[in-house]
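Participant: Give the three-dimensional model of this entry:
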Amino acid sequence: MDTVSTALWVVVMLVALALLFDFMNGFHDAANSIATVVSTGVLKPQHAVAFAAFFNVLAIFVFQLKVAATIGKGIVEPGIVDQHVVFGALIGAIAWNLITWWYGIPSSSSHALIGGIVGATMAKAGAGPLVASGVLKTVLFIFVSPAMGFLLGSLLMVAVAWICRRSSPLRVDNWFRRLQLVSAGLYSLGHGGNDAQKTIGIIWLLLIASGYTAASDKMPPAWVIWSCYIAIGLGTLFGGWRIVKTMGQRITKLKPVGGFCAETGGAITLFVATGLGVPVSTTHTITGAIFGVGSVRNASAVRWGLAGNIVLAWIVTIPATAFIAAVFYGVSLLLF
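Facilitator: Have a look, this model is predicted:
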């Protein structure tokens, strides 16, 4: 096989690996979209994942590709990226997703990918090619997105409690069982819009590095966009049940009104971040919103010890995936 054919097959393999990551992102993060509607009994699990997957893919028609542009051109200088960097980044992110899925920890697929890109790039050329503004913006939102979710979730919970103060609990429950379908749909829309674009961004980065797309192009090829949205939708359809349990019941017990407030607060946060082109963690966002709702009901109802373990996983994600990616960058030099 000649050099050109070998290079093409490496690109094909890496695109397939990126779509596998995208599928796993949906699989790993399905809990973010469906845990509240499942735990409150509004939808059965199999219906909930199909519902969330539909809105994941529908997001293709709603959001501009600002997050994809940040991943493709705003984390590292595209000129430094090659197939080895992309391989290391993807393996680092996939490995971390598998580890956290196995232990039922709702960590961030988004930050796993970004940590992978950073680690593989530094293994190749040090910190020089990193785009400081993009990396700092992403790190900042590790704290901003859950804080915003917490604030919006708690404020919505307070507002709903005041608006419904004269209504019977049964009537409130019936109303919010219906409204939670709206909030879950919006959250799934935001999830698809932000997370699918991260894989679009890394495939775009790969195509630029391989010479199949010009760095000056303002949009990646249409097939990249469609395949990434479909892959994350399929991943969501299969669901990550270990994390559903953590998100839906172990942090705090939720009722439909709480589920609605958490999902709506999380959805607003995701819509704002995606509009700004910031690759945020949907996991961090919905977890913060659930904490906010639980703390309004009763601070002791939130399992703060579990919360501490989750936050620790958030902090460790980028350095852990960066390390794994750096190792596999070196491995890739021996493979192709």
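
Participant: what's the closest non-adjacent residue to F27?
Facilitator: G235 (4.1 Å; Cβ to Cβ, 6 or more residues apart in numbering). From N, CA and C alone the C-beta is placed, and that goes for glycine too.

Participant: my guess is the one you found is in a strand, correct?
Facilitator: No - counting by DSSP: H, G, I helix; E, B strand; the rest coil, G235 falls outside a strand, being helix.

Participant: From Q46, how far out is it?
Facilitator: Note on G235: its distance to Q46, by Cβ to Cβ, to the nearest Å, is 15 Å.

Participant: just T283 next, same as before
Facilitator: 22 Å.

Participant: what about the two, which has more around it?
Facilitator: Taking other Cβ atoms under 10 Å, T283 and Q46 do not tie; T283 has more neighbours (30 against 11).

Participant: C-terminal to the helix or strand encompassing the more buried one, what's the next element?
Facilitator: T283 belongs to helix 282-297 when assigned by DSSP states H and E. The helix or strand immediately downstream of helix 282-297 is helix 304-335, counting by DSSP H and E.

Participant: buried stuff in that following helix?
Facilitator: 307, 310-311, 313-314, 316-318, 320-329, 332 (16 or more other Cβ atoms under 10 Å).

Participant: Low-confidence ranges, the stretch 51-200 of the chain, go.
Facilitator: 104-106 (pLDDT under 70).

Participant: What ranges does it have for its strands?
Facilitator: Per DSSP state E, counting those that start in this stretch, the stretch 51-200 of the chain carries no strands over any range.

Participant: Dump stretch 209-216 to PDB, restricted to CA.
Facilitator: Provided in PDB are the C-alpha atoms of stretch 209-216 (Å, rounded to 0.1, in the frame of the first residue of the first chain):
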ATOM      1  CA  ALA A 209      -4.400  18.800   9.300                       C
ATOM      2  CA  SER A 210      -4.600  16.100   6.600                       C
ATOM      3  CA  GLY A 211      -5.200  18.700   3.800                       C
ATOM      4  CA  TYR A 212      -8.700  17.500   3.000                       C
ATOM      5  CA  THR A 213     -10.200  20.800   4.100                       C
ATOM      6  CA  ALA A 214      -8.700  24.300   4.000                       C
ATOM      7  CA  ALA A 215      -8.100  26.100   7.300                       C
ATOM      8  CA  SER A 216      -9.900  29.200   5.800                       C
END
